[in-house]
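Trainee: Here you go, sequence then predicted model.
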Amino acid sequence: MKKALVTKFAVLMIFIGVFAMLSTSGIAQLPDKTQTPNAANEGIAKSYTEQVGAGRGDVLTLNSSAFIMARDPFRAVRRGRQLFQRKFVRSQGQGPLAGDGQGDIQTNLAIGAGLADSCAACHGRPRGSAGFGGDVVTRPDSRDAPHLFGLGLKEMLADEITADLRAIRASAIADARRLNRGVTKQLISKGIRYGSITASPNGAVNTSEVDGVNPDLRVRPFFVQGGTISIREFLVGAFNAEMGLQAVDPDLQTAAGGGRIVTAGGMVLDGALDSIEAPPTTGINDDADADGVTNEIPQSIVDFEEFYLLNYFKAGTGAGNSRTRQGLALMNEARCTSCHLPEMKTAERAEPREDLARKLLLLVPLAGMRSQLGLGEVADGAAQQLLVFGEREIQGASSGA
């Protein structure tokens, strides 16, 4: 019994130590050590050029975003996190988009854009996470921007609901043509009611009774007004508006032009079905804000950030007590939870994407941490740990991002 308790205590101390060390490098914003060397050796080890790597590439292109995400997802998530925390500088294109930040901001919000120098400047609380903070016009501590916990789950749920609603629409049209009369169907997905839709034999659809979603039946989960479909559009828009950094993204360019693409995070964007936001630049030589810097946010950077936010964990639920349980019972009794659903689930998958964060937390500490924790050295600087990702098993999670 004593031996079992000692073993459990040792395991507990290991994880406490891991998280303590992670917290020292978990500061919301991080400088680039290659630009700001310091005695404490704090900051991002790789230069921005090194983080860009070989671009998008493919699964056989060494150091490309496609290669790293397929072969070492832990490293891809870590790089995305560090890019989220990176403090961009003027020489990389960061800065105000209009009037050098001066003028009548009431008539031109772009004057207030580009005031942040990192994603974590606005989405940085709790410490070092993709949390909440400021907005495009104000300083980060003056107005709370929405948190990004569970962002990938929101994207997946919205996309699945959209598919359900559009399938109901297609079914209504097919039934109306078969029966040669109008057919009305209820729009319901994951327990949420979106009104009803009526189809005519000629294929016309009456959307006047649709509720809670636009007539195109696309659920847009991002921003208060529901203005954006995907994490990728959200990222490219935020880089431009909040930091004055223009992304070069052929994916969004293709989709905005009516094409169909699959993003690095697996989101299908089809310009023939939805209105997709175009990136602010059309190519690597395009200087949209005339600051003398081109290719400010290459495609691989967008890939890593999308992958990080796709797999960003959802917020935890605190321990309940008698009062919280009583409150939930009252909400159920008042039928509040018929709209404010306490739980929503994504469709069943062989490997749900939301499980990645849980698996990463179970990884054996990587090279630098192992020696500090007395776990022994690791050959070639790689952790001898199997990380199951999808149907692939990848051996060795690199300690460098």
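Mentor: Structure's in. What do you need? On a predicted model such as this, the values are computed, not experimentally measured, just so you know.

Trainee: Look at residue 291 and report its pLDDT.
Mentor: pLDDT, residue 291: 89.

Trainee: Oops, could you answer that again for residue 52 instead?
Mentor: For residue 52, pLDDT reads 97.

Trainee: now swap in residue 160 and tell me
Mentor: Confidence score, pLDDT, at residue 160: 95.

Trainee: was I right about it contacting residue 346?
Mentor: Yes. Residue 160 is in contact with residue 346 according to Cβ atoms under 8 Å; the separation is 6.4 Å. C-beta coordinates here come from the backbone N, C-alpha and C atoms, glycine included.

Trainee: Measure how far stretch 198-209 is from the centre of its chain, please.
Mentor: Here stretch 198-209 is found 36 Å from its chain centre; the criterion is Cα atoms, centre = their mean, to the nearest Å.

Trainee: just stretch 232-251 next, same as before
Mentor: 13 Å.

Trainee: Then stretch 320-338?
Mentor: Distance, centroid of stretch 320-338 to centroid of chain: 31 Å (Cα atoms, centre = their mean).

Trainee: domain assignment for the protein?
Mentor: 27-146+223-316, 147-220+333-363 (automatic domain parsing).

Trainee: Which one, of those domains, ends up nearest to residue 325?
Mentor: domain 147-220+333-363 (12.4 Å; Cβ to Cβ).

Trainee: related to what we said a few turns ago, reformat the domains of the chain into a markdown table and put mean neighbour count next to each item.
Mentor: Output for those, formatted as a markdown table (neighbours: other Cβ atoms under 10 Å):
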| stretch | mean neighbour count |
| --- | --- |
| domain 27-146+223-316 | 19 |
| domain 147-220+333-363 | 16 |
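
Trainee: Adding distance to residue 326, write the ones you listed out as a markdown table.
Mentor: Listed next are the domains of the chain as a markdown table, based on distance: least, Cβ to Cβ, whole Å:
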| stretch | distance to residue 326 |
| --- | --- |
| domain 27-146+223-316 | 21 |
| domain 147-220+333-363 | 10 |
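
Trainee: Nearest to residue 323, out of these?
Mentor: domain 147-220+333-363 (15.4 Å).

Trainee: Would you agree residue 198 falls within a helix?
Mentor: No. The assignment for residue 198 (DSSP: H, G, I helix; E, B strand; the rest coil) gives strand, which keeps it out of a helix.

Trainee: dump the residue contacts of it.
Mentor: Contacts for residue 198 (Cβ atoms under 8 Å, 6 or more residues apart in numbering) come out as 172, 182, 183, 184, 185, 205, 206, 209.

Trainee: how close does the fourth one get to residue 195?
Mentor: Spelled out, it's residue 184. Counting by Cβ to Cβ, to the nearest Å, the separation of residue 184 from residue 195 is 10 Å.

Trainee: and if you look at the first one?
Mentor: Counting by Cβ to Cβ, the separation of residue 172 from residue 195 is 13 Å.

Trainee: Phi, psi for residue 186 please.
Mentor: phi -80, psi 140 (degrees, to the nearest 10).

Trainee: From here on, call the first residue 28.
Mentor: That works, and once the first residue is 28, the last one we named lands at residue 213.

Trainee: could you pull out the strands for the stretch 128-277 of the chain?
Mentor: 210-216, 219-226, 232-233 (DSSP state E, counting those that start in this stretch).

Trainee: For the contacts of residue 225, give me JSON lines that also has pLDDT and distance to residue 71.
Mentor: Formatted as JSON lines, these follow (pLDDT from 0 to 100; distance: Cβ to Cβ, whole Å):
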{"residue": "199", "pLDDT": "97", "distance to residue 71": "52"}
{"residue": "209", "pLDDT": "96", "distance to residue 71": "60"}
{"residue": "210", "pLDDT": "97", "distance to residue 71": "57"}
{"residue": "211", "pLDDT": "98", "distance to residue 71": "56"}
{"residue": "212", "pLDDT": "98", "distance to residue 71": "52"}
{"residue": "232", "pLDDT": "97", "distance to residue 71": "51"}
{"residue": "233", "pLDDT": "97", "distance to residue 71": "54"}
{"residue": "236", "pLDDT": "97", "distance to residue 71": "52"}
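
Trainee: most centrally placed residue in the chain?
Mentor: residue 336 (2.5 Å; Cα atoms, centre = their mean).

Trainee: does it sit in a helix or strand, and which one?
Mentor: Using DSSP states H and E, residue 336 sits in helix 326-337.

Trainee: buried residues in the helix or strand just after that helix?
Mentor: Sequence order places helix 349-360 as the next helix or strand after helix 326-337, per DSSP H and E. Across helix 349-360, burial judged by 16 or more other Cβ atoms under 10 Å covers no residue at all.

Trainee: No further questions, thank you.
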